[in-house]
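Trainee: Predicted coordinates and the sequence they were generated for:
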Amino acid sequence: MNRYIYLIAILILASCGGNKTEIKNEKNYLLEPILSGAPFKIDNVSSIKSFGKLGDYMLIARDTINPQFQLVDINKQTVVKSFGFDKQQLKNPFYFNNFWSNPKSDISFEVIDFGTNQIKTFSLSNVLGNDTLKIENKDIPFDFIKKYYQLLTLDSSALLGSYGGRDLKKGKFFIFEDKKTKWVPFGPHIADPIARDDLKYIYYSFSSYNRNRSVFASAMKYFKRVEFYSKEGGLLKEISFNNEKLNYGSGFLDHPNSSVYFNSSFAGAKYFYGLCIDSEQSNYVKNKGNMKLYVFDWEGDLKKIIKLDRMYLGNFIVDESTNKLIAQSFVKDDQAPFIVYSLPNNLK
């Protein structure tokens with residue numbers, strides 16, 4: 001049998017909560033015309049590994065030893081601070097866009113250090129000031145080391161992770177709190193058997209958390225659907241689309257004709273945003289076609305779908321105060337690491 005077998009899977013939605021699932025026709029939400037982007041140039045920015053929004057700033061984690069971070073003023077498009085630590089304290093940092101404001105109005109943010117298996121917490125005022133940089137360390141639970149591909153802090157004691165292990169009895173998310181683990185089951189169910197090694201890929205998703213709402217949302221890569229969960233892991237709503245198909249085979253991640261959907265997400269105060277490829281993997285890397293931005297409110301209602309003028313985009317942020325979307329571009333002709341789009345005001 002050919003290694004790559006294309007399937008339109010039978011999706012059994014019972015495990016997803018029945019009436020909590022809504023099937024949408026995206027034509028009813030698609031805005032016209034196609035949105036055009038422009039280069040978002042920042043001098044002296046390079047080696048971008050990950051980035052996210054941090055108040056009025058953009059935090060860039062760099063793929064270099066030192067300085068490991070750059071802090072960019074979004075409005076001025078300038079680097080205001082470069083900082084880092086020796087590799088004994090911080091070996092391999094990654095920023096999952098996880099930050100919050102404490103009652104004193106200071107902003108704290110966290111990075112995941114894959115090298116030390118710790119969560120590192122910083123204060124923005126400390127980073128911007130002239131004092132010695134301070135860092136707080138929290139160990140990642142031993143059972144999850146190297147078994148996750150995304151890790152978010154829900155509050156001072158709870159962690160949300162996207163499971164990246166091989167255990168079929170676990171689930172696609174874990175919530176770790178008070179030394180106890182709660183699992184969110186794998187889903188939607190697929191009628192065809194899944195190889196153990198493929199399990200962590202088929203349910204790959206991009207999650208973002210809204211602390212004020214205590215809700216996290218997940219946009220899936222190989223299913224065209226977005227799910228909203230309570231902080232405790234209960235499914236609140238699932239949105240799928242009438243043109244979803246599951247197209248894969250053994251080793252599907254490497255296959256250029258695999259259908260891929262969402263590739264990044266962002267949590268704004270007002271909306272949850274998912275950036276969607278909605279095409280075959282080969283078209284994405286060839287920059288052939290148009291990515292689309294899906295905008296939901298935090299009740300899980302789809303508001304708008306916005307078609308962009310490029311395909312080969314990666315992680316992104318949205319500045320809701322200015323309605324600017326800033327996305328990492330992999331298109332060489334763009335001659336800038338980021339592209340900025342002015343989003344329409346009528347997202348409601």
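Mentor: Cool, the structure landed. Everything numeric in this text was worked out from a predicted model, so none of it was measured. Residues are numbered from 1 along each chain as shown.
Trainee: Only the buried residues of stretch 43-61, if you could.
Mentor: Going by neighbour count (16 or more other CB atoms under 10 Å), the buried part of stretch 43-61 is 45, 48, 50, 51, 52, 53, 54, 57, 58, 59, 60, 61. All C-beta spots, glycine's among them, are computed from the backbone N, C-alpha and C.
Trainee: out of those residues, which are inside strands?
Mentor: In strands, defined here by DSSP state E, the members of the buried residues of stretch 43-61 are 48, 50, 51, 52, 53, 54, 57, 58, 59, 60, 61.
Trainee: which of these lies closest to residue 263?
Mentor: Top of the list for closeness to residue 263, among these and by CB to CB, is residue 50 at 13.7 Å.
Trainee: just checking, that closest one touches residue 96?
Mentor: Yes: at 7.4 Å, residue 50 and residue 96 qualify as touching, with contact defined as CB atoms under 8 Å.
Trainee: pull the CA atoms of the longest helix seen in the chain into CSV?
Mentor: Selection of the longest helix in the chain by residue count, based on DSSP state H, yields helix 196-202. Coordinates of the C-alpha atoms in helix 196-202 are reproduced here as CSV (Å, rounded to 0.1, in the frame of the first residue of the first chain):
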residue,chain,number,x,y,z
ARG,A,196,1.2,5.9,18.3
ASP,A,197,3.9,8.1,16.7
ASP,A,198,1.3,10.1,14.8
LEU,A,199,-0.9,10.8,17.7
LYS,A,200,0.9,13.9,19.0
TYR,A,201,0.9,15.4,15.5
ILE,A,202,-2.7,14.8,14.3
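Trainee: which is the next helix or strand following that helix?
Mentor: Moving toward the C-terminus from helix 196-202, the first helix or strand encountered (DSSP states H and E) is strand 205-210.
Trainee: Adjacent strands (with direction) for that next one?
Mentor: As defined by DSSP bridges, the strand partners of strand 205-210 come to strand 215-220 (antiparallel).
Trainee: Could you list which residues are in contact with residue 80?
Mentor: Residues in contact with residue 80, defined by CB atoms under 8 Å, 6 or more residues apart in numbering, are 57, 71, 72, 73, 128.
Trainee: can you tell me which of those are in strands?
Mentor: For the contacts of residue 80, the ones inside strands are 57, 71, 72, 73, with DSSP E as the criterion.
Trainee: Would you map the helices across the stretch 1-150 of the chain?
Mentor: Read by DSSP state H, counting those that start in this stretch, the stretch 1-150 of the chain holds these helices, from start to end of the chain: 124-128.
Trainee: mind checking pLDDT for the nearest residue to residue 242 once chain neighbours are set aside?
Mentor: Spatial nearest neighbour of residue 242, excluding adjacent residues (CB to CB, 6 or more residues apart in numbering): residue 25 at 5.2 Å. Residue 25 is assigned a predicted lDDT (pLDDT) of 93.
Trainee: Residue 80 too?
Mentor: 94.
Trainee: Looking at the contacts of residue 80, spot the one nearest residue 32.
Mentor: residue 72 (32.2 Å).
Trainee: Please name the nearest non-neighbouring residue to the closest one.
Mentor: By the measure of CB to CB, 6+ apart, the closest residue to residue 72 outside its immediate chain neighbours is residue 58, 4.2 Å from it.
Trainee: ok, now residue 151?
Mentor: For residue 151, ignoring the flanking residues on the chain, the nearest one in space by CB to CB, 6+ apart is residue 161 at 4.8 Å.
Trainee: what sits against that neighbour?
Mentor: Contact criterion CB under 8 Å, 6+ apart gives 144, 148, 150, 151, 152, 173, 174, 175, 176 as the residues in contact with residue 161.
Trainee: Among those residues, pick out the one closest to residue 274, please.
Mentor: If you rank these by distance to residue 274 using CB to CB, residue 150 comes first, at 14.2 Å.
Trainee: coming back round to it: spatially, which two of the ones in strands among the contacts of residue 80 are the most separated?
Mentor: Maximum pairwise distance among the ones in strands among the contacts of residue 80 (CB to CB): 7.8 Å, between 71 and 73.
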